[in-house]
Every structure is written in structure tokens, then in C-alpha cells.
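Novice: predicted structure and sequence below. I'll ask about it afterward.
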Amino acid sequence: MKVVVHEDKCVAAGQCVSAAMDVFDQRDEDGIVVLLNENPPAELADDVRNAAAVCPALAIRIEE
């Protein structure tokens with residue numbers, strides 16, 4: 001699994017961080033998504049898929 005984020009689409013809702021805090025964070029100054037691990041371990045796959053699904057801006061893409 002590879003995770004790709006599109007910072008230009010991000011609306012700083014923070015749903016990704018709530019769903020997968022080991023993979024996503026937010027910048028302090030504007031709340032835009034920060035990808036902590038573009039190749040998360042298999043045990044986080046469900047959380048990452050959930051984060052992509054709940055992102056209101058569809059700023060997260062997963063490549064299997």
C-alpha cells in the first residue's frame with residue numbers, strides 16, 4: 001500500500017488524523033494534512049482506507 005496526499009485539495013478537517021494518527025498529522029499553522037508514512041504497515045491498512053473514505057475533500061489516494 002502506498003498513500004498519496006494532495007495538499008492542495010485538503011480542507012484541514014482533520015478526519016484523516018482521527019482515523020489514522022500513525023499515518024497522518026496536520027500542520028500547526030494551517031491544519032493541512034501531513035503524511036507521516038507513505039507506506040504504512042499492513043496492520044494500519046484498514047485505518048488508512050477509512051481515512052481516505054472520510055476525507056471530505058478526497059485529498060487522500062491509496063495505491064494498492
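Specialist: Sure thing, it's come through.

Novice: now for the lengthiest helix in the chain, which elements pack on it?
Specialist: The helix that spans the most residues within the chain, counting by DSSP state H, is helix 45-54. Helix 45-54 sits against helix 15-19, strand 60-63, with contacts defined as 3 or more Cβ pairs under 8 Å, 6 or more residues apart in numbering; DSSP states H and E. In short, each C-beta sits where N, CA and C put it, glycine included.

Novice: which positions in the shortest one come out as buried?
Specialist: Of all the residues in strand 60-63, those buried under the rule 16 or more other Cβ atoms under 10 Å are residue 60.

Novice: same question, stretch 44-51
Specialist: Within stretch 44-51, the residues scored as buried using 16+ other Cβ under 10 Å are 44, 47-49, 51.

Novice: nearest to residue 31, out of these: which one, please.
Specialist: Proximity of these to residue 31 (Cβ to Cβ) peaks at residue 51, which lies at 15.1 Å.

Novice: for the closest one, give me its contacts.
Specialist: Applying Cβ atoms under 8 Å, 6 or more residues apart in numbering to residue 51 gives the contacts 15-16, 19-20, 23-24, 60.

Novice: let's see if you can find the most crowded of those residues.
Specialist: When neighbours are counted by other Cβ atoms under 10 Å, residue 16 leads those with 28 neighbours.

Novice: fine by me, thanks again.
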